[in-house]
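Asker: Predicted structure and sequence below. I'll ask about it afterward.
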Amino acid sequence: MFKLLVDFGPLLAFFVAYGLSGIMAATAAVMAAGVAALIAGWVVEKRLAPVPLLTTGLLLVFGGLTLWLADETFIKMKPTIINLMFAAVLLGGLVFDRILLRHVLGAAFALTDIGWRRLTVRWALFFAAMAVLNEAVWRTQSTDFWVSFKVFGLIGLTVLFSIAQMPFLRRHAAAPSGDQT
C-alpha cells in the first residue's frame, strides 16, 4: 500500500488539484507531492530509488518553468521528455551491451539473454511511442482532455502493454537450471 501511495500519490494530487483549481494549482500540487513521496521513500526505505528521483527532478524543472513562466506547455512536455529518456537509456544500454531492464525487473522475471534484449527493445519502442502520443495529445486537444489522458490514458496503456508482454515472458523464460543463453 505504501509503494502504491508513493508511486501514484503525486498523480492523484495532480488530478484532484486540477479539478479543484486548474493546471497551475495541479502543477504545484504534483511538485509538492513528488517531493513528499521522495522523502517518504527515504524515511521508510532508507534510499532514493533512481527512477522516482529522476522523474521528480524533471518534474521540479518542468513544473518550476510552468509556474514561473505561467505557461502550461512545460508540464505537458514532461511526459514526453521522460518517455524519450527511458527509451534512450534502454537502447543506449543495449549499444554498450548492458541490459538495464534486467536490473529493474530481474527480481521479478528470469529470462534468457535474448529474451531480456528483445524485451528491452519492446519497452524502448513503447516509451518512444508514448512520447509521440503525448505530444500529439497535448498539441491537439484541450488541457482537460490532456489531464485525463495523462492520469488515465498513459497508465492504462502501460498496464495493457505490460499484460500483452506475458506470452513473450513465458516464451523467453530462463531454464530452471539457471541457463541464461
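Answerer: Received it, and whenever you're ready, just let me know what you need. Numbers count the residues shown, from 1 in each chain.

Asker: From now on I want contacts and neighbour counts done on CA atoms only, so please keep to that.
Answerer: OK.

Asker: Mind picking out the helix or strand in this protein with the poorest mean pLDDT?
Answerer: One helix or strand of the chain scores below all others by mean pLDDT, DSSP states H and E: helix 100-105, with a mean of 82.

Asker: what's that one in contact with?
Answerer: With contact meaning CA atoms under 8 Å, 6 or more residues apart in numbering, helix 100-105 is reached by 90, 93, 94, 116, 120.

Asker: quick one: what helix or strand has residue 114 in it?
Answerer: Per DSSP states H and E, residue 114 falls inside helix 113-140.

Asker: All the helices of the protein, in order from the start?
Answerer: 2-21, 23-45, 50-69, 73-95, 100-105, 113-140, 143-148, 154-164, 166-171 (DSSP state H).

Asker: Could you list the buried residues of the last one?
Answerer: Residues of helix 166-171 classed as buried under the neighbour-count rule (16 or more other CA atoms under 10 Å) are residue 169.

Asker: can you check the fourth one too?
Answerer: Within helix 73-95, the residues that qualify as buried by neighbour count (16+ other CA under 10 Å) are 73-88, 90-91, 93-94.

Asker: Repeat that for the second one.
Answerer: Taking 16+ other CA under 10 Å as the basis for neighbour counts, the residues of helix 23-45 that come out buried are 23-35, 37-41.

Asker: All set now, cheers.
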